[in-house]
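**Student:** Give the three-dimensional model of this entry:
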Amino acid sequence: MNWTAKELNCSLTNALLSKLLKEEDRLCVVSIYGVGGLGKTTLAKEVYNHRDVKSHFDCYAWTTISQQLSTREVLKEILRKVSTLTSKDMGEMEGAELVGRLSTILNGKRYLVVLDDIWSTEAWDILKPAFPNNKGSKPRSLTDNEAWELLCMKVLPPPNVISSSFPLSSDLEECGKEMVKKCGGLPLAIIVLGGLLQSKKSLSEWESVSKKIGIRSHEDRVGSILSMSYHELPFHLKPLFLYLGLFPEDANISVKKLVHMWIAERLVKEREGETLEEVGRQYLDELVHKCMVQIGEKSVGGRTKTCRLHDKMRALCIDIGKRENFFEVITGENRDPPSLSSSPSSKLWRCKIYIDKDNQYVFPKHLTPCLLKHFIVNLVCLQTINLRSTYITDSMSNTMSNVLHQLKHLYGYRIELSKINNMRKIQTLCNARAGPWITDLVKLTNLEKLGVMFLNEETMGLLTDAIVDGGLDKLRSLYIDGDEFSSDLMEALSGKRRLLKLRLCGRIKKLPSQLPTNLIKLKLQYAYHPQDPMPTLEKLQHLLFLRLEVSYKGKEMVCSSKGFPRLQHLAVINLWQLEEWTVEEGAMPCLTTCVIEYCRNFKMVPQGFKFLTMLQELTIKQMPYSFEKRVKEGGEDWETIQHIPSITVTESLNQ
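**Tutor:** Have a look, this model is predicted:
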């Protein structure tokens, strides 16, 4: 039988579903194994998130096992997901106790635990006491036809794109199928090969690639394809790709952080009319387009929020990075600093250190104050400082504002600022303690993200004046924390049309009739608002994400028809007086995820949830047992929510 790639994927998914959903009177393990890049994780994720799986099991957890296995951290992560235990509860527990607790909690339950990327039988032997018995299955490699179809998906333009610039001749097809055979049915190799061939249009170019793959062993052929994809990168993209090897195995890499690091090392070149951040994101898009970097999570606005490297791609980065003296990675197995004299050249530019089994970056804490006070004054070109977990004295703050005139991004917690006159290039300032410096915000004409904490009546007035006087015109993201927000400040904020993300933490007596019209993300925390906020909030035409936490103290809440036209994510947390929530037909038509947490007087799921046809995930957390009974299969509200693929109920209040 000849199957398409789509049909094959469906077949494998159904086979795994059949095994997982089969009623057993014993615990069993289903193993998916094969060479790197075969698509094991992708298949497992599809099955793990399947609605039938979510409804079949009482609890489930996904954890990734790295080569440097930390048994304790793996067990703690699983326990956090299948029980009400917190990190604090498990703080002093050792491995044996964690295994015992996990085994006890899972006993008698239907559970699904995915151990992704487990590297050795020794690692399984360590974890096995919590998961007795085993049984396995294996996905096969792609056939030649399936592999060819996958390559065509990567090389040819989409069906809805009209293009005559790249006709697939019979000669190209013959050459392509020959290359596909050399990939041995491995999806990773085929996808990367497709990215490599996208820019090559002639038969001679394809034949040149085919010759370079050669007739070596299977592993060598895969390695040669990955290596070729690096060597054929444009010169400006090579160091950017290698830089990704500095991040831990299986890391979800923050795109914002990555781009800032690229910029700080001057790996991103300026372009007229574009910011360095915009250029850096375009470079990342090029790497994604060439199938060398994978997209992870996307933000509520649709931008790529995180990215990741396949294990084999990361190994390539580390291998080339070491050979070219681009960087050195030191693990717990090799704790001695690299000898500079043993390197190919006399200088080592970058060094990433991982120690023990927790994959934590290590820097001597006793040196941090010395660095900030003395080494830092010489870093006049410094653009980014992350001080979120470091105490900053007044003198250090003065040093930063007086010396670091190139600073663009300053992250901290309760930073004391005396003045900001010289920080004219700053784009990000998070999170600073409110003070007289707020007056000079009007001078920071490049500021895009601002976080201010501990606003009082006086400093709130200064912030209001700065906004009214034309400051913060480029602001895209704002977080302010205070006792109570004045009506003047709220009205001033409503005129900031460029503001996309707003987080307010503090009392709000009255919401303005209109909030910033282009908001896509809004968090209201500890607002204790006396009136239902929904009639005002649902008018925000572009809002995608809304979090209400201790933000309304009324008993009834209504989402009216046609309200929240684009809202995708909603969290309702600790609205402790809320009893009834009405959702009219036509409200929130795009909602995909919803969290209801610790609303202890909430009586029932809104009947209008049956109209939310796009809703994919509903999380019920820390709710009374009486409420939980209603939303479980057979409960009074089950008919209202049974169309939702994923319904998670955790941490009952036992009331």
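
**Student:** and the nearest residue to L463 once chain neighbours are set aside, what is it in contact with?
**Tutor:** Using CB to CB, 6 or more residues apart in numbering and skipping residues adjacent in sequence, the residue nearest L463 is I438, 5.3 Å away. C-beta coordinates here come from the backbone N, C-alpha and C atoms, glycine included. Contacts for I438 were tallied using CB atoms under 8 Å, 6 or more residues apart in numbering; they are 452, 459, 462-463, 466.

**Student:** so is I438 in a helix, a strand, or just coil?
**Tutor:** Under DSSP: H, G, I helix; E, B strand; the rest coil, I438 falls in the helix class.

**Student:** So what's the predicted local confidence for it?
**Tutor:** pLDDT for I438: 92.

**Student:** ok, back up a step: any idea which of the contacts of I438 is closest to N601?
**Tutor:** Closest approach to N601 among those (CB to CB): V452, at 33.7 Å.

**Student:** Work out for me the element that closest one sits within.
**Tutor:** strand 449-455 (DSSP states H and E).

**Student:** in whichever helix or strand comes after that strand, what's buried?
**Tutor:** Next helix or strand after strand 449-455 toward the C-terminus (DSSP H and E): helix 457-468. Buried residues in helix 457-468, counted by 16 or more other CB atoms under 10 Å: 459-460, 462-467.

**Student:** And stretch 564-574, by the same measure?
**Tutor:** 564-565, 567-574.

**Student:** Secondary structure added to those residues, as JSON lines?
**Tutor:** Output for the buried residues of stretch 564-574, formatted as JSON lines (three-state DSSP):
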{"residue": "F564", "secondary structure": "coil"}
{"residue": "P565", "secondary structure": "coil"}
{"residue": "L567", "secondary structure": "coil"}
{"residue": "Q568", "secondary structure": "coil"}
{"residue": "H569", "secondary structure": "strand"}
{"residue": "L570", "secondary structure": "strand"}
{"residue": "A571", "secondary structure": "strand"}
{"residue": "V572", "secondary structure": "strand"}
{"residue": "I573", "secondary structure": "strand"}
{"residue": "N574", "secondary structure": "coil"}
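
**Student:** Closest to K290 out of these?
**Tutor:** Closest to K290, out of all of the buried residues of stretch 564-574 and judged by CB to CB, is Q568, at 29.6 Å.

**Student:** State whether that closest one and L591 are indeed in contact, as I suppose.
**Tutor:** Yes: counting by CB atoms under 8 Å, L591 is a contact partner of Q568 at 6.3 Å.

**Student:** So, low pLDDT: which residues of the stretch 251-400 of the chain?
**Tutor:** In the predicted model of the stretch 251-400 of the chain, residues 331-349, 351-374, 376-377, 389-395, 399 satisfy pLDDT under 70.

**Student:** quick one: the helices in it?
**Tutor:** Assignment of helices within the stretch 251-400 of the chain using DSSP state H, counting those that start in this stretch yields the ranges 255-264, 276-289, 311-323, 368-373, 394-403.

**Student:** Distance to S487 and mean neighbour count added to these, as a markdown table?
**Tutor:** Converted to a markdown table, these look like this (distance: least, CB to CB, whole Å; neighbours: other CB atoms under 10 Å):
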| stretch | distance to S487 | mean neighbour count |
| --- | --- | --- |
| helix 255-264 | 34 | 20 |
| helix 276-289 | 35 | 17 |
| helix 311-323 | 53 | 18 |
| helix 368-373 | 40 | 14 |
| helix 394-403 | 32 | 17 |
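
**Student:** distance of N14 from K54?
**Tutor:** 16 Å (CB to CB, to the nearest Å).

**Student:** do the same with K603
**Tutor:** For K603 relative to K54 (CB to CB), the value is 25 Å.

**Student:** what about these two, which has more around it?
**Tutor:** Shown here are K603 and K54; by other CB atoms under 10 Å, K54 has more neighbours (17 against 14).

**Student:** I'd assumed Y60 was in contact with that one.
**Tutor:** Yes: assessed by CB under 8 Å, K54 is found in contact with Y60 at 7.4 Å.

**Student:** before we move on, the earlier item: now render the buried residues of stretch 564-574 as TSV, adding distance to I263.
**Tutor:** Shown next, in TSV, are the buried residues of stretch 564-574 (distance: CB to CB, whole Å):
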residue	distance to I263
F564	36
P565	36
L567	33
Q568	30
H569	30
L570	35
A571	33
V572	38
I573	36
N574	39
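
**Student:** Can I get the residues you listed in CSV including distance to L172 and pLDDT?
**Tutor:** CSV is the format used below for the buried residues of stretch 564-574 (distance: CB to CB, whole Å; pLDDT from 0 to 100):
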residue, distance to L172, pLDDT
F564, 50, 97
P565, 46, 95
L567, 47, 96
Q568, 42, 93
H569, 44, 95
L570, 49, 97
A571, 51, 96
V572, 55, 97
I573, 56, 95
N574, 61, 95
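
**Student:** so, if you compare those residues, which one comes nearest to A251?
**Tutor:** For the buried residues of stretch 564-574, the nearest to A251 is H569 (23.9 Å; CB to CB).

**Student:** for the residue nearest to that closest one when sequence neighbours are not counted, which residues make a bridge with it?
**Tutor:** Leaving aside its chain neighbours, H569 sits nearest to F545 (4.5 Å; criterion: CB to CB, 6+ apart). As for beta bridges, F545 partners with K521, H569 under DSSP bridges.

**Student:** what's the spacing between F545 and A123?
**Tutor:** 38 Å.

**Student:** The buried residues of stretch 564-574: which two are farthest apart?
**Tutor:** Largest separation among these by CB to CB: P565 and N574, giving 26.6 Å.

**Student:** May I have the residues that are in contact with the closest residue to E270 other than its chain neighbours?
**Tutor:** Excluding the flanking residues, the one nearest E270 by CB to CB, 6+ apart is L276, at 6.4 Å. L276 makes contact with 263, 268, 270, according to CB under 8 Å, 6+ apart.

**Student:** Let's have these in TSV, adding distance to A251.
**Tutor:** Converted to TSV, those look like this (distance: CB to CB, whole Å):
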residue	distance to A251
I263	20
V268	21
E270	28
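
**Student:** out of those, who's nearest L524?
**Tutor:** Nearest to L524 out of the contacts of L276 is I263 (CB to CB; 33.2 Å).

**Student:** was I right about that closest one contacting T275?
**Tutor:** No: with contacts counted by CB under 8 Å, I263 stays clear of T275, the gap being 9.6 Å.

**Student:** How many residues are close by Q531?
**Tutor:** With other CB under 10 Å as criterion, Q531 counts 14.

**Student:** Now do it, the pLDDT please.
**Tutor:** At Q531, the pLDDT recorded in the model is 92.

**Student:** so it is in which element?
**Tutor:** With DSSP H and E as the criterion, Q531 is inside neither a helix nor a strand.

**Student:** circling back to that earlier point, with V259 as the reference, measure out to the residue nearest to L463.
**Tutor:** Computed with CB to CB, the distance linking I438 and V259 is 28 Å.

**Student:** Check K76 too.
**Tutor:** From K76 over to V259 the distance is 32 Å, taken as CB to CB.

**Student:** do the same with L519
**Tutor:** 24 Å.

**Student:** cool, L203 as well?
**Tutor:** According to CB to CB, L203 and V259 sit 38 Å apart.

**Student:** quick one, which of the helices of the stretch 251-400 of the chain is nearest to T536?
**Tutor:** The closest of the helices of the stretch 251-400 of the chain to T536 is helix 255-264. By CB to CB, the value is 30.3 Å.
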